[in-house]
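**Student:** give the three-dimensional model of this entry:
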Amino acid sequence: MAYIKSIQSDQESPPGVMMRFPKQLRAIMDYTQEVMRDGECNFSDKERELIAAFTSAMNDCNFCYGAHKATALAFGIEQGFLEALVADVETAPVDERMRPVLVFARKLTQMPSQMAQSDVDAVLDAGWTEEDFHYLTSICSLFNFYNRLMEAYGCSLDANPEFPVEAAGEMLATNGYVLADFAP
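**Tutor:** Presented below is the predicted three-dimensional model:
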């Protein structure tokens, strides 16, 4: 149950929380669509969702982790894979090109003031471009925002077990982040 009593249980999601601020909602959802689906970089939709879910796990945001884990699963991530990454990204069975991406996301999430040239170099040395680095940073930063939004409002899958997380994941995998029939 959200801390703000006017937010109903079926509104416990970033769009639901932001509905009362339509201009902000439109701006953030357009940006999310660009970063997570439409933007031109070498990360697949599946990899973008993996970064989002992993970042959310690093923040212990069970709402965003659950929703984006379900989306990553809908894109074909194997069951149990995210749990292995969260337990230890250094030893998890992840593609070696993605490992420095996830290590970077973890550090940017947990220790942002300690970022160094070597962190950026590790991502670029794995074959990712400067544009890919920008998208990695954007995804990680965006989901740090969403995680804090959900936590501040008290939106949690623990408090709202009836939230259709698998259906939400399928919807995001199919439709992306476009708000249909919404005009601020």
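**Student:** need the contact list for the spatially most central residue of the chain.
**Tutor:** Geometric centre of the chain, nearest residue: residue 52, 2.4 Å, by CA atoms, centre = their mean. The contact partners of residue 52, by CB atoms under 8 Å, 6 or more residues apart in numbering, come to 36, 64, 68, 71, 72, 139, 142, 143. In short, each C-beta sits where N, CA and C put it, glycine included.
**Student:** let's go with 7 Å and repeat that
**Tutor:** 68, 139, 143 (CB atoms under 7 Å, 6 or more residues apart in numbering).
**Student:** touching, the last one and residue 56? I think so.
**Tutor:** What that stands for is residue 143. Yes. Counting by CB atoms under 7 Å, residue 56 is a contact partner of residue 143 at 5.6 Å.
**Student:** so what sits against both of the two?
**Tutor:** Counting by CB under 7 Å, 6+ apart, the residues touching both residue 143 and residue 56 are residue 64.
**Student:** one step back: what strand or helix carries the closest residue to the residue nearest to the centre of the chain other than its chain neighbours?
**Tutor:** Once flanking residues are discounted, residue 52 sits nearest to residue 68: 4.4 Å by CB to CB, 6 or more residues apart in numbering. Assessed by DSSP states H and E, residue 68 sits inside helix 62-74.
**Student:** can you name the next helix or strand after that helix?
**Tutor:** Following helix 62-74 in sequence order, the next helix or strand is helix 81-87 (DSSP H and E).
**Student:** got the buried residues for that next one?
**Tutor:** 81, 82, 85, 86 (16 or more other CB atoms under 10 Å).
**Student:** let's have these in JSON lines, adding pLDDT and distance to residue 124.
**Tutor:** Formatted as JSON lines, the buried residues of helix 81-87 follow (pLDDT from 0 to 100; distance: CB to CB, whole Å):
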{"residue": "81", "pLDDT": "95", "distance to residue 124": "25"}
{"residue": "82", "pLDDT": "94", "distance to residue 124": "25"}
{"residue": "85", "pLDDT": "96", "distance to residue 124": "21"}
{"residue": "86", "pLDDT": "95", "distance to residue 124": "25"}
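**Student:** please consider this matter closed, and thank you.
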